[in-house]
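Asks: only geometry, no sequence info:
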């Protein structure tokens, strides 16, 4: 009896009411995405989120402390890995914070970039420290030449010499060596080298652009003063030259001129 059970089970009609057995469904396998397939904006966003490893303000202070020239907010944003707008806002906040706390230094935006500067009220302390000759000063001739370049740029050396009335080749070389003046191109007509001031010049004056230079009009004499000076000088002396009647008595050929044809 027991031997017949398997045969009956094997002969059972497959159409009997039985629950169908479903085949297992495999999860779809995602294809690996290469780095080149990533959208540039998405990659930049991931990089921006991954780079910042420190707080924004301390990171900016550390960079500005070692900077040897002004740094714009875009360069700072690239260095610290934060958005440019956040960096600009943090720089402004640091400036206000230093002013409120009365620090011995300021954070200023000069010559298109940010840099630390000592406060004006502590200038005597700094001046006493550098008074022993550590800071080389420009001569009066160099200052006058630099002023001509600043207000007339781009200008050639010949033009500067004409304005000052003296040769300025040596002074111009000094200004170029100091980093205050640089070559900006050539004159289209005379091919003369043109000179202009540098960003270091703006930094030393504490201004952002040349538009902040003081006007020259208040430093020029009035027309009435110039008339008074002319009256004090008197009329120009008249020089009379007496020519001898006998021209042949003059032996200098440059005074006599060539003989008549």
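Replies: Received it, and whenever you're ready, just let me know what you need. Worth saying up front: this structure is predicted, and the values here are computed from it rather than measured. Numbering: from 1, shown residues only.

Asks: low pLDDT regions in this protein?
Replies: Where the chain drops to pLDDT under 70, the residues are 1-54, 130-136, 219-261.

Asks: what residues does the longest helix belonging to it touch?
Replies: When the chain is parsed with DSSP state H, its longest helix is helix 84-101. For helix 84-101, the external contacting residues (CB atoms under 8 Å, 6 or more residues apart in numbering) are 56-57, 60-61, 73-74, 76-77, 80, 82, 105-109, 114. Bear in mind the C-beta positions are built from the backbone N, C-alpha and C, glycine included.

Asks: Give me the buried positions along it.
Replies: Within helix 84-101, the residues scored as buried using 16 or more other CB atoms under 10 Å are 87, 88, 90, 91, 94, 98.

Asks: Show me the strands in this protein, by range?
Replies: For the chain, applying DSSP state E gives strands covering 105-110, 113-118, 155-156, 181-186, 193-197.

Asks: Give me the packing partners of the second one, helices and strands only.
Replies: Based on contacts counted as 3 or more CB pairs under 8 Å, 6 or more residues apart in numbering; DSSP states H and E, the elements that strand 113-118 packs against are helix 56-66, helix 73-80, strand 105-110.

Asks: redo that, cut-off 6 Å
Replies: strand 105-110 (3 or more CB pairs under 6 Å, 6 or more residues apart in numbering; DSSP states H and E).

Asks: re the thing from before, closest to residue 66 out of the strands of the chain?
Replies: Checking the strands of the chain against residue 66 by CB to CB gives strand 113-118 as the closest, at 10.4 Å.

Asks: Just want the angle from the closest one to strand 105-110.
Replies: 150 degrees (axes from the mean of the first three to the mean of the last three CA atoms, to 10 degrees).

Asks: contact partners of strand 113-118?
Replies: With contacts defined as CB atoms under 6 Å, 6 or more residues apart in numbering, strand 113-118 is touched by 64, 70, 71, 72, 91, 105, 106, 107, 108, 126.

Asks: so who does the second one touch?
Replies: Residue 70 sits next to 110, 111, 113, 115 when contact means CB under 6 Å, 6+ apart.

Asks: Distance-wise, check residue 143 relative to residue 90.
Replies: Noted for residue 143: a distance of 38 Å to residue 90, by CB to CB, to the nearest Å.

Asks: quick one on the thing from earlier: need the contacts of residue 70 in a markdown table with neighbour count and distance to residue 181, can you?
Replies: Conversion of the contacts of residue 70 to a markdown table gives the following (neighbours: other CB atoms under 10 Å; distance: CB to CB, whole Å):
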| residue | neighbour count | distance to residue 181 |
| --- | --- | --- |
| 110 | 17 | 18 |
| 111 | 22 | 15 |
| 113 | 20 | 20 |
| 115 | 17 | 21 |
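
Asks: Could you dump those residues into a markdown table and include distance to residue 195?
Replies: Shown next, in a markdown table, are those (distance: CB to CB, whole Å):
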| residue | distance to residue 195 |
| --- | --- |
| 110 | 22 |
| 111 | 18 |
| 113 | 23 |
| 115 | 25 |
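
Asks: Grab the two from these that are most spread out in space.
Replies: 111 and 115 (8.4 Å).

Asks: Of the strands of the chain, which is nearest residue 138?
Replies: strand 181-186 (11.4 Å).

Asks: partners of the closest one in the sheet?
Replies: Its sheet considered, strand 181-186 pairs with strand 193-197 (antiparallel) by DSSP bridges.

Asks: mind listing what's buried in the partner strand?
Replies: Buried residues in strand 193-197, counted by 16+ other CB under 10 Å: 194, 195, 196, 197.

Asks: what do you get for stretch 177-194?
Replies: 178, 180, 181, 194.

Asks: Report how many residues lie close to the closest residue to the second one other than its chain neighbours.
Replies: In space, not counting the residues next to it along the chain, residue 180 is nearest to residue 201; the distance is 4.8 Å by CB to CB, 6 or more residues apart in numbering. Other residues within reach of residue 201 by the criterion other CB atoms under 10 Å amount to 21.
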